[in-house]
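Visitor: Show me the folded form of this:
(one chain, ligands or ions: 1)
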Amino acid sequence: MSRFQSEKLRALTPYTPGEQPRDMQYNKLNTNESPFAPSEKAIAAAAEAAKRLHLYNDPTSRALTDKLAALYGVESDEVIVTNGSDEVLDFAFQAFCDADVPAVFADITYGFYPVFAARSGLPYQLVPLREDFTLNIADYFDLGRALVVIANPNAPTGIALSRGEIEQILLHNRDNVVVVDEAYVDFGAESCVPLIKKYDNLLVTQTFSKSRSLAGGRLGFGIGCKSLIADLHTIRYSTNPYNVNTMTQAAGLGVLCDEDYTRRNCATVMANREWTVAELKKRGFETTDSKTNFVFAKHPSVSGEYLYTELKKRGVLVRHFTSERIRDYARITIGSREQMEALIKTIDEILE
Ligand SMILES: Cc1ncc(COP(=O)(O)O)c(C=O)c1O
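Guide: Reported below is the predicted structural model:
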């Protein structure tokens, strides 16, 4: 810590990303990445784009924005492309929260939300999930002025609300922006993108990091009505107009030209998830109803921390959270079938 730190910085607890160790080759099931390489079309497009790196990238990400708009059945000015979906989420906090407009989100959800708020000195309120980690939509009715943020499906629980349930939240928040963070939507949940024409208070965010195998490319996007997106561009142009680099824009376009590959990989991940859940249950684990590329599991006689530590010793990385309500659990990313078989084999060794 330097002696020059502002008060704001002194008070800030940063987000802790999942471990990315380089000391050995792990069976890496801790950060919800895709086990599959990026589409060949993405790799070829990024390599070609590297030849143009002496020039600034297109600050509007025009080709990618147009392609996303066509794919999701919206207009180009209803889409914003960002450096990972973390960036569009951060922009939303900056654009739609104020000293008297707190962000409101679940007590158990994506750990970056409180950091986005705290970093910009914005207030936030936590709404506890039910005992079983399901979200009671009525808790989001009659909030007063707020920015409502809902990860759907939620992380790290994996549980999803239906589009109809989110619509209820939108109807009860006509004067509030509702952000629906759909980072994991491609693994079996319902997207709220079709609702953006009906609700000018809805912002849906998605990412290329999970279903589209581009976590290291850092690419995300937001879809909402034109005026919401325009506000986000104002923040973007005030932060980093060149937010998505040339190679990532090209790689993103390449991925979108290979939707079959994405769909096939998602289907494989979902099948591997069902296999993993069944195997965990046979061994006494309880799991939540995950609609994501991870499972959230606890064992009656092995703590989450013990499981995490013993798996790591044996070369398998999963994610463990220390906060009170979820410290019995481990969050396990769904990888290839071979990765999941290796996980189960290692769990058997630990349980013995
Ligand atoms: C719920 C949720 N939202 C958003 C993100 C951010 O993803 P990215 O910035 O890679 O798009 C993550 C990352 O794990 C996440 O779990």
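Visitor: Can you get me a residue count around the residue in the stretch 51-200 of the chain that the ligand sits nearest to?
Guide: Using C-beta to the nearest ligand atom, residue 84 is the residue of the stretch 51-200 of the chain that sits closest to the ligand, at 2.9 Å. For the C-beta atoms, the positions are set from N, CA and C on the backbone; glycine is no exception. Number of residues near residue 84 (other C-beta atoms under 10 Å) recorded here: 22.
Visitor: now do the one 5 residues further on
Guide: Counted with other C-beta under 10 Å, the neighbours of residue 89 add up to 25.
Visitor: Quick one: residues in contact with whichever strand or helix holds it.
Guide: Assigned by DSSP states H and E, residue 89 belongs to helix 84-96. Residues outside helix 84-96 that contact it (C-beta atoms under 8 Å, 6 or more residues apart in numbering): 80, 82, 103, 112-113, 116-117, 120, 122, 147, 149, 177, 179, 181, 183, 203, 205-207, 209, 218-222, 231-232, 234-236, 239, 243.
Visitor: again, only this time at 6 Å
Guide: Under the contact criterion C-beta atoms under 6 Å, 6 or more residues apart in numbering, helix 84-96 has outside partners 82, 116-117, 120, 147, 177, 179, 183, 203, 205, 207, 218, 220, 222, 231-232, 235.
Visitor: now do stretch 16-26
Guide: 30, 31, 315, 317, 319.
Visitor: can you give me the end-to-end distance of stretch 306-323?
Guide: The first residue of stretch 306-323 is 15 Å away from its last residue (C-alpha to C-alpha, to the nearest Å).
Visitor: is that stretch up against the ligand anywhere?
Guide: No: against the ligand, stretch 306-323 shows no contacts by C-beta under 6 Å from any ligand atom, the least distance being 10.0 Å.
Visitor: Pull out the buried positions in that stretch.
Guide: 307, 308, 310, 311, 312, 314, 316, 317, 318, 319, 320, 321 (16 or more other C-beta atoms under 10 Å).
Visitor: Other residues contacting it?
Guide: So stretch 306-323 is contacted by 18, 26-30, 304-305, 330-332, 343, 346, 350 (C-beta under 6 Å, 6+ apart).
Visitor: of all these, which comes closest to the ligand?
Guide: Distances from the ligand to the contacts of stretch 306-323, taken by C-beta to the nearest ligand atom, are shortest for residue 18, at 8.0 Å.
Visitor: So for that closest one, what's the nearest residue that isn't a sequence neighbour?
Guide: Spatial nearest neighbour of residue 18, excluding adjacent residues (C-beta to C-beta, 6 or more residues apart in numbering): residue 31 at 3.7 Å.
Visitor: now do residue 305
Guide: residue 320 (5.7 Å).
Visitor: where does that neighbour fall, phi/psi-wise?
Guide: phi -120, psi 140 (degrees, to the nearest 10).
Visitor: mind checking pLDDT for it?
Guide: On pLDDT, residue 320 comes in at 96.
Visitor: sorry, back to before: buried among the contacts of helix 84-96? Make that a PyMOL selection.
Guide: Buried members of those, defined by 16+ other C-beta under 10 Å, are picked up in PyMOL with:
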select buried, resi 82+116+117+147+177+179+183+203+205+207+218+220+222+231+232+235
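Visitor: Among the contacts of helix 84-96, which ones are in strands?
Guide: Among the contacts of helix 84-96, the members found in strands (DSSP state E) are 82, 147, 177, 179, 203, 205, 207, 220, 222.
Visitor: Need the nearest residue in space to the first one, chain neighbours excluded.
Guide: What it means is residue 82. residue 88 (4.2 Å).
Visitor: what residues does the chain put near the ligand?
Guide: 32, 84-86, 110, 151, 155, 181, 183, 207, 209, 215, 220.
Visitor: Distance check, the residue nearest to residue 305 against the ligand.
Guide: Separation of residue 320 from the ligand (C-beta to the nearest ligand atom, to the nearest Å): 15 Å.
Visitor: Map the structural domains onto the sequence of this protein.
Guide: For the chain, automatic domain parsing gives the domain ranges 7-37+259-351, 40-256.
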